[in-house]
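> fold the stuff below for me.
(2 chains)
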Protein chains: 2
Amino acid sequence: MSVKNLNELFVHTLKDVYYAERQLLKALPKMARKARSSPLRQLFEEHEAETREQIERLKQVFQLAGERAGGETCPAIEGILEEADELMDEIDDADTLDAAMIGAAQAAEHYEIARYGTLVAWAESLGMQEAVDVLRRTLAEEKDADAKLTRLAEDQLNERAR
Amino acid sequence: MSVKNLNELFVHTLKDVYYAERQLLKALPKMARKARSSPLRQLFEEHEAETREQIERLKQVFQLAGERAGGETCPAIEGILEEADELMDEIDDADTLDAAMIGAAQAAEHYEIARYGTLVAWAESLGMQEAVDVLRRTLAEEKDADAKLTRLAEDQLNERAR
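Prediction:
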């Protein structure tokens, strides 16, 4: 890796997020399968479909930047998903596992919120208005997914407390 | 690792965040040293002091949970900081490096925002009101640090665009 200017940093980070989304796409079916509560399973399934669209949008942004779509290993998402995987294998109790998966999914969402937020700011500075619009759509979806996970967690924890 | 219920999941995640904060505390001085803009350097220095307090607060929460403070390797923060480190070593241009470090710091902040948000919800469900209050203080600080980084990024990018 060698990054000389903001444009190259933008493309580098785009590759990082592209890799992250593809890893997440692989992880979501296992998370859906392991979810005990059906709203959580449904949310993971919906987010799998959303993630496919987000990957298509990233391809568009690569094109707008005049680059071939490609990934670059992203140790951050690997760490986040490694933690999720450990928890899925180690927890037997269904409610505890659902709570752990919601937490892990929110860590992944927040990673993406940070990354897309940064990409939007850089695209703006680089004068890439079309890329800004495309990336903003995904950023809004990630924030929405995070908010849905918070609501699910609250419902689950309230029910547990009753 | 073996996690049987929400209480054990809470303690497990507390250890994960404790480890993450300590790793961040080690990383911040290098980030401050590498920052070219003085507001960014100052922000990293301030956040180092804040992180020390946050670690003390985590020790309080361990105590409230009747557990000894201790860390558990957190691959997520290791991945986030590994990416930051690579960028710091690979980028020569000062403005580009500052932009990259702001982005990396926001990824770290968002990881912590996700984790503390989850810990607050679980502490509430476990009826640990004092822990909720302590964790909420840190959560507010992390959100504030993220907002300050966003403002710095905007200022830097606007200046660059002029």
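> packing partners for the strand or helix carrying A:Phe10?
For A:Phe10, the host element (DSSP states H and E) is helix A:6-34. Under the contact definition 3 or more C-beta pairs under 8 Å, 6 or more residues apart in numbering or on different chains; DSSP states H and E, helix A:6-34 sits against helix A:38-64, helix A:75-90, helix A:94-125, helix B:94-125. For every residue, glycine as well, the C-beta is placed using N, CA and C.
> now the shortest one: buried residues?
Judged by neighbour count using 16 or more other C-beta atoms under 10 Å in any protein chain shown, the buried positions of helix A:75-90 are A:75-84, A:86-88.
> do the third one as well
Judged by neighbour count (16+ other C-beta under 10 Å), helix A:94-125 contains these buried residues: A:95-125.
> for it, name the packing helices and strands.
helix A:6-34, helix A:38-64, helix A:75-90, helix A:129-161, helix B:6-34, helix B:94-125, helix B:129-161.
> would you reformat the buried residues of helix A:75-90 as CSV and include pLDDT?
Converted to CSV, the buried residues of helix A:75-90 look like this (pLDDT from 0 to 100):
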residue, pLDDT
A:Pro75, 92
A:Ala76, 93
A:Ile77, 95
A:Glu78, 95
A:Gly79, 95
A:Ile80, 95
A:Leu81, 95
A:Glu82, 94
A:Glu83, 93
A:Ala84, 93
A:Glu86, 92
A:Leu87, 92
A:Met88, 92
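> now distance to B:Glu48 too, for these, in JSON lines please.
Shown next, in JSON lines, are the buried residues of helix A:75-90 (distance: C-beta to C-beta, whole Å):
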{"residue": "A:Pro75", "distance to B:Glu48": "23"}
{"residue": "A:Ala76", "distance to B:Glu48": "21"}
{"residue": "A:Ile77", "distance to B:Glu48": "26"}
{"residue": "A:Glu78", "distance to B:Glu48": "27"}
{"residue": "A:Gly79", "distance to B:Glu48": "22"}
{"residue": "A:Ile80", "distance to B:Glu48": "24"}
{"residue": "A:Leu81", "distance to B:Glu48": "29"}
{"residue": "A:Glu82", "distance to B:Glu48": "27"}
{"residue": "A:Glu83", "distance to B:Glu48": "25"}
{"residue": "A:Ala84", "distance to B:Glu48": "29"}
{"residue": "A:Glu86", "distance to B:Glu48": "30"}
{"residue": "A:Leu87", "distance to B:Glu48": "30"}
{"residue": "A:Met88", "distance to B:Glu48": "35"}
